[in-house]
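Undergrad: what follows is a protein structure lacking sequence information:
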């Protein structure tokens with residue numbers, strides 16, 4: 001769906017540019033907009049932490065050939 005192609009209210013036309021390149025514009029736009037509006041940026045640092053822990057668990061699972069349990073809340 002088109003609403004997932006760019007952040008809400010982003011001035012960028014989602015039909016223009018290479019997706020592998022223009023997503024960087026969206027990340028910077030969201031970060032600066034959050035600062036200007038005094039709101040938390042999305043994704044947050046916490047979201048990044050959770051995503052990194054999942055990625056690390058995937059690599060560990062591959063290396064050890066077993067499931068890796070993740071806590072509900074990162075420590």
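TA: Thanks, I have it. Keep in mind that what you see is a predicted model, and the values were worked out from it rather than measured. Numbering: from 1, shown residues only.

Undergrad: could you look up the SS state of the closest residue in space to residue 67 that isn't next to it in sequence?
TA: Leaving aside its chain neighbours, residue 67 sits nearest to residue 61 (6.3 Å; criterion: Cβ to Cβ, 6 or more residues apart in numbering). The way it works is simple: take the backbone N, C-alpha and C, and place the C-beta from them, glycine included. Three-state assignment for residue 61 (DSSP: H, G, I helix; E, B strand; the rest coil): helix.

Undergrad: and stretch 23-30, how far from the chain's centre?
TA: Stretch 23-30 sits 11 Å away from the centroid of its parent chain (Cα atoms, centre = their mean, to the nearest Å).

Undergrad: likewise stretch 31-46?
TA: The chain centre lies 12 Å from the centre of stretch 31-46; the measure is Cα atoms, centre = their mean.

Undergrad: how near is the residue most central in space within the chain to residue 31?
TA: In the chain, the residue lying closest to the centroid (Cα atoms, centre = their mean) is residue 43, at 5.3 Å. Distance, residue 43 to residue 31, using Cβ to Cβ, to the nearest Å: 10 Å.
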